[in-house]
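A.B. asks: would you be able to build a 3D model of this:
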Amino acid sequence: MNYLETAKQAACQAGSFLREHFGQPLAVDEEKHHDIKLALDRESQDLITRVLLGEFPDHAIYGEEGLAGNQESDYQWIVDPIDGTVNFFYGIPHYCVSIALRHKETLIVGVIYDPSMDDLWEVEKGTPALLNGKPISVSPRTKLEECALFVGCGKDESTLTTGLERFKRASLRARKMRMMGSAALGMAYIACGRLDAYVESTISLWDIAAGQLLLESAGGKTELTPVEGKTDVWSIVATNGKIPIEEIL
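C.D. replies: Numbers count the residues shown, from 1 in each chain. I've put the predicted structure just below:
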């Protein structure tokens with residue numbers, strides 16, 4: 001059974017669907033102060049679910065928009081149908097589809113698709129990470145002064161304070177700082193050397209699962225710390241594995 005090819009098919013179909021609706025009037029399911037949920041989030045996950053369960057009907061789906069399939073299965077697909085929904089809603093072409101497959105506790109497949117750039121990152125455990133079919137690796141940079149860093153600041157007062165303090169410290173050291181709005185693309189960018197590190201105090205599993213396998217397969221390093229009281233929510237430090245990131249934490 002080719003898990004990777006099925007994941008790529010699902011991601012690309014969902015990406016094509018999203019691209020068709022990009023820049024069009026959008027139905028809002030839920031609007032919060034710092035976030036938004038679109039009908040397209042649900043519709044994209046439904047499309048992905050049909051593709052994945054069509055091939056593997058006994059597998060589980062664990063997505064940002066809910067669960068499907070056999071939740072007792074050892075095989076769990078971790079899905080973010082639109083990572084960067086706020087960007088998408090405002091017409092900013094920086095969003096993606098993220099799909100990972102976990103067997104028991106081990107990530108074995110990761111796919112991230114950026115419809116705007118038609119960039120497809122893919123990886124299967126034990127094989128090289130690829131971008132558009134070509135092997136990738138993290139950057140060779142070792143000094144913060146040479147690096148571009150992505151710092152997320154969270155959505156509550158505590159994580160915002162931590163994020164802004166880190167952003168300030170890093171800004172004094174790094175070449176450039178970025179807040180980009182898609183954790184999955186941030187991880188993918190580190191994996192192929194476009195960025196050097198990503199730090200955030202609170203991030204959900206579906207945002208980073210595919211990116212973690214991709215990044216580590218490309219030579220990078222991911223450190224996850226569970227956030228107390230929240231299921232599958234983590235504090236993340238992801239880097240090329242070469243820079244002294246502790247200097248900004």
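A.B. asks: what does the residue sitting nearest the centre point of the chain show for phi and psi?
C.D. replies: Closest to where the C-alpha atoms of the chain average out (Cα atoms, centre = their mean) is A184, at 1.9 Å. Torsion angles at A184 (phi, psi; degrees, to the nearest 10) stand at phi -60, psi -40.
A.B. asks: okay, now the domains of this structure?
C.D. replies: Under the assignment automatic domain parsing, the domains of the chain span 3-135, 144-247.
A.B. asks: return the list of helices and strands in contact with the helix or strand harbouring A238.
C.D. replies: According to DSSP states H and E, A238 maps onto strand 233-239. Secondary-structure packing of strand 233-239 (3 or more Cβ pairs under 8 Å, 6 or more residues apart in numbering; DSSP states H and E): helix 183-191, strand 197-204, helix 205-217, strand 221-226. Just so you know, the C-beta spots here come from the backbone N, C-alpha and C atoms, and that holds for glycine as well.
A.B. asks: what ranges does this protein have for its helices?
C.D. replies: With DSSP state H, the ranges of helices along the chain come out as 3-21, 39-55, 85-89, 157-171, 183-191, 205-217.
A.B. asks: of all those, which lies closest to E65?
C.D. replies: helix 39-55 (4.2 Å; Cβ to Cβ).
A.B. asks: do I have it right that the residue nearest to the centre of the chain meets L213?
C.D. replies: No: between A184 and L213 there is no contact, the gap being 11.6 Å when judged by Cβ atoms under 8 Å.
A.B. asks: lowest confidence element among the helices and strands of the protein?
C.D. replies: The helix or strand of the chain with the poorest confidence is strand 28-31; it has a mean of 65 (mean pLDDT, DSSP states H and E).
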